[in-house]
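> turn this into a model:
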Amino acid sequence: MSGKWYQKNMRVQYKDTDQMGIAHHGNYVTWFEVGRTEWMREYGMSYHKMEALGLLLPVINVNVDYKKSAKFDDCVAIFSSVANYSPVRLEFAYEARKISEDEFLQESNEGETVEPLGELLARGSTTHMWVKQDWKPAKINKAAPDVYAILQDLGESDQSK
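Model prediction:
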């Protein structure tokens, strides 16, 4: 799928670095979560909305491939996109990229984009499973057909490119 990306900009915080001033590897998973949360909000399926519908979306798999280090105060863009979906699973793809100060300061540089920009720092994915409040699997096409329709619409618009 992966044709539309959502960009969320951030700056590497001092608290997220080690003694060498390098962003700790575990922070990338947190950054991916921020990207995913903002992607979901952007496309009308915020976590608040999902929980109000009685649905949860726990992570069942995480993958991160590190390419370069981010350092304290670097400007970083987190790009998130749906890689795959089914009625019971949702997989996101992510890229963390170093961007320039000018790119960071441009307000129009957050939101939907076609092509990630900047220097690739890490690439990853998360796989999630839709479950009900009792942690039993849920089929999103039955439990929240409007949410499933959003995923289908995004998938169709990606394939029309």
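
> quick one: W31 is in a helix?
Yes - using DSSP: H, G, I helix; E, B strand; the rest coil, the assignment for W31 is a helix.

> around it, count how many other residues there are.
25 (other CB atoms under 10 Å). The C-beta positions use only the backbone N, C-alpha and C, and glycine is treated the same way.

> can I assume it is in contact with N9?
No - W31 sits out of contact with N9 when judged by CB atoms under 8 Å, with a separation of 10.8 Å.

> wouldn't R89 be in contact with T126 here?
No - between R89 and T126 there is no contact under CB under 8 Å: 10.8 Å.

> which one's more surrounded, those two?
Neighbours around R89 and T126, counted as other CB under 10 Å, are more numerous at T126. The numbers are 23 against 16.

> I'd like the next helix or strand past the helix or strand harbouring that one.
Assessed by DSSP states H and E, T126 sits inside strand 119-129. Once the chain leaves strand 119-129, the next helix or strand it forms, by DSSP H and E, is strand 131-132.

> number of nearby residues for V29?
16.

> which residue comes closest to it once chain neighbours are left out?
Distance criterion CB to CB, 6 or more residues apart in numbering; nearest residue to V29, sequence neighbours excluded, is V62 at 5.9 Å.
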